[in-house]
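Novice: Output the structure for:
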Amino acid sequence: MMVNALTILLVEDNPDHVLLTLEGFKRIGLNNAVKVVVNGQEAIDYLHRVGKYEDKKEFPMPELILLDINMPKKNGFEVLKTIKEDEKLKHIPTIMLTTSKNEEEIIKSYNYGANSYITKPVSFKEFINIIKELHLYWCVTNTLPN
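Specialist: Residues are numbered from 1 along each chain as shown. Presented below is the predicted three-dimensional model:
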């Protein structure tokens with residue numbers, strides 16, 4: 001089966017969650033480029049190629065965004081709203097990847113245009129399974145626009 005090497009943008013302020021996610025990708029043999037930004041403002045700067053994110057080769061436009069909700073500077077909802085209101089960005093699948101199971105946050109995420117909402121499990125083994133499923137669907141099964 002042919003797998004496209006997509007660029008994934010991980011928007012996560014918790015360094016432990018970043019390491020956990022990257023380790024999860026490593027364990028499943030993910031060959032995608034994963035770019036990490038640590039707050040909502042950095043995500044917007046990355047997507048709009050502002051400041052240190054101007055270099056298109058070093059910071060390619062992502063084909064998939066994994067977005068936490070609770071972050072400094074701009075929260076995940078603000079980032080999601082910005083992405084989905086921008087004609088050049090709104091086609092990028094944006095997955096809320098968060099610890100929250102709050103029903104209001106789930107509804108708000110979908111209302112703002114999230115393509116999926118995934119709650120991070122507590123155990124590493126369960127998290128690896130989530131990463132496998134996420135990768136299988138979004139990077140292998142699903143067809144993304146070029």
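Novice: distance between the ends of stretch 58-65?
Specialist: Length of stretch 58-65, first residue to last, CA to CA, to the nearest Å: 17 Å.
Novice: who does Leu97 bridge with?
Specialist: With DSSP bridges as the criterion, Leu97 is bridged to Ile118.
Novice: Centre of the chain to the helix or strand of the chain with the lowest mean pLDDT, how far?
Specialist: The weakest-scoring helix or strand in the chain, judged by mean pLDDT, DSSP states H and E, is helix 124-135 (a mean of 84). Here helix 124-135 is found 14 Å from its chain centre; the criterion is CA atoms, centre = their mean, to the nearest Å.
Novice: Residues contacting it, please?
Specialist: The contact list for helix 124-135 (CB atoms under 8 Å, 6 or more residues apart in numbering) reads 20-21, 24-25, 27-28, 30, 32, 66, 95, 118, 120-121. Every residue, glycine included, has its C-beta placed from N, CA and C.
Novice: at 10 Å instead, please
Specialist: Helix 124-135 is contacted by residues 3, 6, 8, 17, 20-30, 32, 64, 66, 95, 97, 116, 118-121, 123, 141 when judged by CB atoms under 10 Å, 6 or more residues apart in numbering.
Novice: Drop anything exposed from those residues.
Specialist: Buried members of the contacts of helix 124-135, scored by 16 or more other CB atoms under 10 Å, are 6, 8, 17, 20-22, 24-25, 30, 32, 64, 66, 95, 97, 120.
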